[in-house]
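Chemist: Sequence below, structure please.
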Amino acid sequence: SFSVSCATSSITSGAPVTIIDDATLKVSLTIPGTADNYTVTVTCGSASIAGTFSVKDYSEYTVGKIVLADNTLVDKDSYTVIEQSNPPVAVLIGAQNIYGAAIGIALHISPSNLMWAKNGSTGYNTKFEGIICTPSATGSGAASTATFTGDLDGSDNWDYICSIDPEGTKAAVVAENYPAFHWVNQYNEEYADKLGSAKPAWYMPSLAELCEVYRNRKAINESLAKIHGLGNSYADSSLGTSWYWSSSQYASGNIYAWLVVFDDGNVHGYSKNSEHRVCCLVGF
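Modeler: Model (predicted):
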């Protein structure tokens, strides 16, 4: 017999408790409308355990804002000096993830073109059903207008690939089999001296998220240029006009994944062993 409680009683009032297994409970909570930290306690007899979750106000998390290592925000126009103890780590892209959290893009893109998956590998030949994202339009300009169905959140796409291809994603072979994803996974190590105390959980965007980056590229580029001007090793000067991989599987062929051309907004599927640029996102 379990019960749940919180100092803000409306969060747990009437909340059902479902036993999933010997170590797991499922509890439905009512999320409050006031930003704060909330502690929920689960009790069984004389034993109890507590956990805290945060509700954030994202009204200030607008596209183009610069995110510093301590998660504070600053407008590009008022950002005048890079502090090494609290450097910039991302620029907000104007989208929210499935939890309503703001999303930021890393300040560097891959310095070279990379394959999504190596020719002949499991990743190349597999249709990853759980990460299929389908646009309502393709071709030139579609990145500005398309809507999307299927898997829209790219934050767990790599985990899904690993679950389908555990051998091909092992540390010894992942760089060869999945070069684009490997670059994302190594971002914190590559730029450790520019991230301060931050260690964001970067991921390659879904097609829907990548198109959001494209739609807001002007504001993103302006913030990148500002940071680059203050310290060119901290940020690229812009996203440029490269072809960018998404982490989304193409529905109509095993060997294809979706990409976006940042020159004209072209959205189309491409062979996974072709080489294109990569950017990475993180939720705040």
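Chemist: ranges for the strands of the stretch 1-150 of the chain?
Modeler: Secondary structure of the stretch 1-150 of the chain by DSSP state E, counting those that start in this stretch: the strands cover 3-6, 17-21, 24-27, 36-44, 47-55, 66-68, 73-74, 88-96, 102-106, 114-115, 133-135, 148-150.
Chemist: Dump the ones you listed to a markdown table, plus distance to Val267, mean neighbour count and mean pLDDT.
Modeler: C-betas here are computed from N, CA, C, even on glycine. Compiled in a markdown table, these are given as follows (distance: least, C-beta to C-beta, whole Å; neighbours: other C-beta atoms under 10 Å; pLDDT from 0 to 100):
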| stretch | distance to Val267 | mean neighbour count | mean pLDDT |
| --- | --- | --- | --- |
| strand 3-6 | 44 | 17 | 92 |
| strand 17-21 | 39 | 10 | 89 |
| strand 24-27 | 38 | 11 | 88 |
| strand 36-44 | 40 | 14 | 93 |
| strand 47-55 | 35 | 10 | 91 |
| strand 66-68 | 27 | 22 | 98 |
| strand 73-74 | 30 | 15 | 98 |
| strand 88-96 | 16 | 24 | 93 |
| strand 102-106 | 18 | 25 | 97 |
| strand 114-115 | 19 | 20 | 98 |
| strand 133-135 | 6 | 23 | 98 |
| strand 148-150 | 10 | 16 | 97 |
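Chemist: and of those strands, who's closest to Asn273?
Modeler: strand 114-115 (5.2 Å; C-beta to C-beta).
Chemist: next one: the closest one to chain centre, how far?
Modeler: The chain centre lies 19 Å from the centre of strand 114-115; the measure is C-alpha atoms, centre = their mean, to the nearest Å.
Chemist: Straight-line length of stretch 95-108, end to end?
Modeler: Counting by C-alpha to C-alpha, to the nearest Å, you get 19 Å between the two ends of stretch 95-108.
Chemist: tell me which residues in stretch 182-191 are buried?
Modeler: His182, Trp183, Val184, Asn185, Tyr187, Asn188, Tyr191 (16 or more other C-beta atoms under 10 Å).
Chemist: any residues touching it, and which ones?
Modeler: With C-beta atoms under 8 Å, 6 or more residues apart in numbering as the test, stretch 182-191 has contacts from 106, 108, 110, 114, 158, 174-175, 195, 199-200, 202-204, 278, 280.
Chemist: Try it again at 7 Å.
Modeler: Outside stretch 182-191, the residues that touch it by C-beta atoms under 7 Å, 6 or more residues apart in numbering are 106, 108, 110, 114, 174-175, 195, 199-200, 202-204, 278, 280.
Chemist: are any of those residues buried, and which?
Modeler: Buried, going by 16+ other C-beta under 10 Å: Ala106, His108, Ser110, Leu114, Val174, Leu195, Pro200, Trp202, Tyr203, Met204, Val278, Cys280, out of the contacts of stretch 182-191.
Chemist: if we can go back for a sec, and which of the buried residues of stretch 182-191 is nearest Val89?
Modeler: Distance to Val89 across the buried residues of stretch 182-191 (C-beta to C-beta) is lowest for Tyr191, with 8.8 Å.
Chemist: Report the separation between that closest one and Asn232.
Modeler: 13 Å (C-beta to C-beta, to the nearest Å).
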